[in-house]
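J.: Sharing a model prediction with you, sequence too.
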Amino acid sequence: MTDYQRFFKNDYVKTAVAITLVVTIVWSFFFGLGVALGSAVPVRVVESGSMCIEPNGCDGWSHPFGQTLHVGDIIIVQSVNPEDLNANYPNSDIIVYQNPSLRDNTQATPIVHRIVEKYQVDGIWYFQTKGDSNGVNWPTAPTSSEYDSRTLWNTGQGVPQDLVLGKVLMRIPYFGWITLFMQGNWWTLPLIVTVILLLIVIEFVIPVIRAGKKKNQIEQQKDRVKAPQMSL
């Protein structure tokens, strides 16, 4: 057996390789999803209830295939050609966009609202949007005074195409609450990291240590058996 083969048969190396593979697979999935959907951030979490039109509130699980978005939903965002976005309200696209009044703040939470209408000026597309539960509930046609351009930044101008991050492709209910909970509690991230490290120690490191000790004990027993024979 060569040194190369011995190296990769080492239990510690196997553990390190397994952990690396898990991290690589998760990262590759996220990166691959972004490439496939053409979005730099293909997965986002709904933080506002402005799209909830359920009379009894949005619990995360009800109406999974309806028009409603719930707080805590994970949404899959797909990049699209602005010209192709559907503005046929009430069945228009829901888009994710940066707030024009916070254009220079790249860390600002994007807005997730439905397109009400779109128009073009000098080759640039603009989108008037509205939260489904803001003002008169969807699917009733809103007045221009209910548009985000009037209620959020008071300019009357729609969202320019360069601030549109993409359209909502689908929603995954409830699981986004984990992220929201972490945002509101600073101690959750260190706790999760600690739990992950403990799991790694319990599932990988301790078994490797035990296997190494057992191997050493077996070798020591063999040495003790051989020792009298050698003295003879």
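T.: The structure has been received and is ready for your questions. What you are looking at is a predicted structure, and each value in this text was computed from that prediction instead of being measured.

J.: Check which helix or strand Ile178 maps to.
T.: With elements taken from DSSP states H and E, the one containing Ile178 is helix 177-184.

J.: just the helices in the protein please.
T.: 3-9, 11-37, 148-151, 177-184, 188-200, 206-231 (DSSP state H).

J.: Could you list every helix and strand that the third one packs against?
T.: If I follow you right, that is helix 148-151. If contacts are counted by 3 or more CB pairs under 8 Å, 6 or more residues apart in numbering; DSSP states H and E, helix 148-151 sits against strand 124-130. All C-beta atoms are positioned from the backbone trio N, CA, C, and that covers glycine.

J.: Which strand runs longest in the protein?
T.: For the chain, the longest strand by residue count, based on DSSP state E, is strand 111-121.

J.: List the buried residues in it.
T.: For strand 111-121, a neighbour-count test (16 or more other CB atoms under 10 Å) marks 111-118 as buried.

J.: Tell me the confidence at Ile25?
T.: Per-residue confidence (pLDDT) for Ile25: 65.

J.: I meant Ser101, not that one.
T.: For Ser101, pLDDT reads 84.

J.: next one: Asp122
T.: At Asp122, the pLDDT value in this model is 94.

J.: in stretch 69-85, what's buried?
T.: By neighbour count with 16+ other CB under 10 Å, stretch 69-85 contains the buried residues 69-78, 80, 82, 85.

J.: got it, and stretch 89-100?
T.: Buried residues in stretch 89-100, counting neighbours by 16+ other CB under 10 Å, are found at 89, 92-100.

J.: now the end-to-end length of that stretch.
T.: Start-to-end span of stretch 89-100 (CA to CA, to the nearest Å) is 22 Å.

J.: what's that stretch in contact with?
T.: 44, 51, 67, 69, 75, 77, 80, 85-87, 106, 108, 110-117, 127, 129, 138-141, 152-153, 155, 157, 159-160, 163-168 (CB atoms under 8 Å, 6 or more residues apart in numbering).

J.: Repeat that for stretch 119-127.
T.: For stretch 119-127, the surrounding residues in contact (CB under 8 Å, 6+ apart) are 82-83, 85, 87, 95, 97, 115, 117-118, 128, 157-162, 164.

J.: Can you flag which of the residues you listed belong to strands?
T.: 95, 97, 115, 117-118, 128, 159-160, 164.

J.: mind checking which helix or strand of the chain has the lowest mean pLDDT?
T.: helix 3-9 (a mean of 49; mean pLDDT, DSSP states H and E).

J.: Show me the domain layout of the chain.
T.: Domain segmentation of the chain under automatic domain parsing yields 1-37, 43-184, 188-222.

J.: what's the most buried one of those domains?
T.: domain 43-184 (a mean of 17; mean count of other CB atoms under 10 Å).

J.: measure stretch 99-119 end to end?
T.: Chord length of stretch 99-119, first to last residue, is 18 Å (CA to CA).

J.: Which pair of the buried residues of strand 111-121 spans the longest distance?
T.: Maximum pairwise distance among these (CB to CB): 17.7 Å, between Val112 and Glu117.

J.: pLDDT value on Ser231, please?
T.: Per-residue confidence at Ser231 stands at 53 (pLDDT).

J.: And Trp138, by the same measure?
T.: Listed pLDDT for Trp138 reads 90.

J.: list the contacts for it?
T.: Here Trp138 is in contact with 53, 67, 90, 114, 132 (CB under 8 Å, 6+ apart).

J.: Over to Ser144?
T.: Counting by CB under 8 Å, 6+ apart, Ser144 makes contact with 128, 150.
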